[in-house]
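Undergrad: can't give you the sequence, but here's the structure:
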């Protein structure tokens, strides 16, 4: 199989490389840790103007009609400078949930402004006891005239503090843990009965605890049929974490090699010490290993559910193992300065810890991977 990029893909990568270096260097991510929003709507609009948000959506809703593999090239570059804008949260999580569930009118109203970079979205799917199980839903939706009202709490809602619309999972029937009976609802940020508590994550970015106390919600798609949609978007989130992790690992490897080449101790460059060279080589091997599994996961993102889940779980488990190794080694090889907040490598370290936990941690994906027929047949 040929993994070389074609001319269009090369142009996409070059544009993204130029953009992140010019518009969002690491210093910007450091500064925005103390901002209430945590990202800049002006930069978000520029990303929309470049057409990045349109990539995975069909032309019928104003999209480009591209693939997840195209999106992964963008997300990889976002990882190199820790760009904080909610690209994955808006486009792949909430955006794809709306595309898979909403009517044509709902798609036009909710997706078109997001694709243009004028609004952002968030997916509120997890609850206090959910862990990574999208069927562990206790939030309830009840009929209220021609509409619905929602009651419950959602936790760890990425971009939930800043989103213009939330896509909320709630039960219209059934009980906790059952796949049937879960529906999706669009809730505006100003809806009565909606309370949002902003929380800061360990990497400096923000999420939200969302409380719904009779908030009005607009049903997206068929009632009770959202479980497969949630499965898909959570897989896309995991695959995107792998792509972003690739950018982080590659950057940390480059930073570490440059440090080894320039730092002097005992009158010589520390990169001349063979023991440190071996550790740098181990970082390179792990970076390439995670990259290869991530590429396959990106290709299989549009495959049937079992095939998609198998490859994405494989890649996510590998990202967690390889990613943690690379950022840990990079931090240690930088010595004492590597553990200070003043050095950028700590920002990459913290973001990698978050990526390891997002959309299923290593234990979750190893368990899912090992339980699938493709694995048990080996």
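TA: Nice, thanks for sending it over. Predicted, not measured: the structure shown is a model, and the values here were computed from it.
Undergrad: list the helices and strands the longest helix anywhere in the chain packs on?
TA: Scanning the chain for the longest helix, with DSSP state H as the assignment, gives helix 227-262. Judged by 3 or more CB pairs under 8 Å, 6 or more residues apart in numbering; DSSP states H and E, the packing partners of helix 227-262 are helix 68-80, helix 96-101, strand 182-188, strand 268-269, helix 274-299, helix 305-333, helix 345-357. The way it works is simple: take the backbone N, C-alpha and C, and place the C-beta from them, glycine included.
Undergrad: Give the pairing partners of the helix or strand following that helix; include direction for each.
TA: Going down the chain from helix 227-262, the next helix or strand is strand 264-265, by DSSP states H and E. Its sheet considered, strand 264-265 pairs with strand 268-269 (antiparallel) by DSSP bridges.
Undergrad: For the strand it pairs with, what is the distance to the chain centroid?
TA: Centre-to-centre, strand 268-269 and its host chain are 40 Å apart (CA atoms, centre = their mean, to the nearest Å).
Undergrad: for that strand, what is the average pLDDT?
TA: Over the span of strand 268-269, the pLDDT mean works out to 92.
Undergrad: quick revisit: tilt between the longest helix of the chain and helix 345-357?
TA: 150 degrees (axes from the mean of the first three to the mean of the last three CA atoms, to 10 degrees).
Undergrad: can you tell me how far residue 74 sits from residue 233?
TA: Look at residue 74 and residue 233: by CB to CB, to the nearest Å, they are 17 Å apart.
Undergrad: ok, now residue 166?
TA: 14 Å.
Undergrad: Pull the distance from the lowest-mean-pLDDT helix or strand in the chain to the chain's centre.
TA: Ranked by mean pLDDT, DSSP states H and E, the helix or strand of the chain with the weakest confidence is helix 373-376, at a mean of 77. Centroid separation for helix 373-376 versus its chain: 27 Å, with CA atoms, centre = their mean.
Undergrad: Not counting it itself, show me its contacts.
TA: 306-307, 310, 369-370 (CB atoms under 8 Å, 6 or more residues apart in numbering).
Undergrad: do the same with stretch 90-97
TA: Residues contacting stretch 90-97 (CB under 8 Å, 6+ apart): 52-53, 55-57, 71, 111, 114, 120-123, 158-159, 163, 165-167, 184, 220, 226, 229-230, 232-234, 236-237, 240.
Undergrad: same thing with stretch 102-109?
TA: With CB under 8 Å, 6+ apart, stretch 102-109 has contacts from 60-61, 98-99, 110-111, 186, 218, 220-221.
Undergrad: same thing with stretch 288-298?
TA: Contacts for stretch 288-298 (CB under 8 Å, 6+ apart): 3, 68-69, 72, 238-239, 242-243, 245-246, 249-250, 311-312, 314-316, 318-319, 322-323.
Undergrad: What of stretch 269-282?
TA: 253, 256-257, 260-264, 325, 329, 333.
Undergrad: So for the nearest residue to residue 230 once chain neighbours are set aside, what's the pLDDT?
TA: Distances taken as CB to CB, 6 or more residues apart in numbering place residue 134 nearest to residue 230, at 3.9 Å, with adjacent residues excluded. Residue 134 is assigned 95 on the pLDDT scale.
Undergrad: again with residue 194
TA: So, for residue 194, pLDDT stands at 98.
Undergrad: wait, it sits on residue 217?
TA: No. Look at residue 194 against residue 217 with CB atoms under 8 Å: they stay out of range, at 9.5 Å.
Undergrad: coming back round to it: buried ones among the contacts of stretch 90-97?
TA: 52-53, 55-57, 71, 111, 114, 120-123, 158-159, 163, 165-167, 184, 220, 226, 229-230, 232-234, 236-237, 240 (16 or more other CB atoms under 10 Å).
Undergrad: how near is residue 186 to residue 97?
TA: For residue 186, the distance to residue 97 - CB to CB - is 10 Å.
Undergrad: Which one's more surrounded, the two?
TA: residue 97 (26 against 23; other CB atoms under 10 Å).
Undergrad: Run through the protein and note the low-pLDDT ranges.
TA: Low-confidence segments of the chain (pLDDT under 70): 1-2, 376-378.
Undergrad: In it, which residue sits furthest out from the middle?
TA: Using CA atoms, centre = their mean, the residue of the chain lying farthest from its centre is residue 267. It sits 44.1 Å away.
Undergrad: Give me the phi and psi angles of residue 266.
TA: phi 60, psi 30 (degrees, to the nearest 10).
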